[in-house]
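**Q** this is a predicted model, with the sequence first.
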Amino acid sequence: MSIRTNNTCLNCENLVSNLTCSKHDIQVDILNVCDSHNFKEVFNKDSNCSNCISFNMDSCGHPESASQGMLCFDWKPSLS
């Protein structure tokens, strides 16, 4: 059996908070996809604030709720 990644709005760089597509300025479903899809590395089962590049930084979009074990749609992989 071959396992592969599907392109969906959930792994698109145009997805912003509240499941909104920044390219088309509409709310989307996580299973949607369009021809403007731009793949971005998304979180996995080990992703959380502690391995986000923005954790404890000014660039964190949710500093009041960010903590180890939490996860949001703004998560970006740490470079370390």
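**A** That came in fine, so what should we check first? Quick caveat, the model's predicted, so the values are computed rather than measured.

**Q** for this structure, what spans make up the strands?
**A** Taking DSSP state E as the test, the strands found in the chain are 15-16, 20-21, 26-27.

**Q** low-confidence stretches in this protein?
**A** The model of the chain has pLDDT under 70 over residues 79-80.

**Q** ok, back up a step: right, and the strands of the chain - which one's nearest Leu71?
**A** Nearest of the strands of the chain to Leu71, taken as C-beta to C-beta: strand 15-16 at 14.3 Å. C-beta coordinates here come from the backbone N, C-alpha and C atoms, glycine included.

**Q** how close does Asp35 sit to Asn14?
**A** Asp35 sits at a distance of 12 Å from Asn14 (criterion: C-beta to C-beta, to the nearest Å).

**Q** swap that for Lys23, please
**A** The value you get for Lys23 to Asn14, if C-beta to C-beta is used, is 4 Å.

**Q** what residues are shared contacts of the two?
**A** Shared contacts of Lys23 and Asn14 (C-beta atoms under 8 Å, 6 or more residues apart in numbering): Ser36.

**Q** dump the residue contacts of the most centrally placed residue in the chain.
**A** Nearest to the mean C-alpha position of the chain, by C-alpha atoms, centre = their mean, lies Phe73 at 4.1 Å. Counting by C-beta under 8 Å, 6+ apart, Phe73 touches Leu15, Val16, Ser17, Leu19.

**Q** wait, Cys12 touches Lys40, no?
**A** Yes - look at Cys12 against Lys40 with C-beta atoms under 8 Å: they come within range, at 6.6 Å.

**Q** among those two, which residue is more densely surrounded?
**A** More crowded of Cys12 and Lys40, by other C-beta atoms under 10 Å: Cys12, with 21 against 13.

**Q** so what's that one closest to, chain neighbours aside?
**A** Closest residue to Cys12 apart from its sequence neighbours, by C-beta to C-beta, 6 or more residues apart in numbering: His37 at 5.0 Å.
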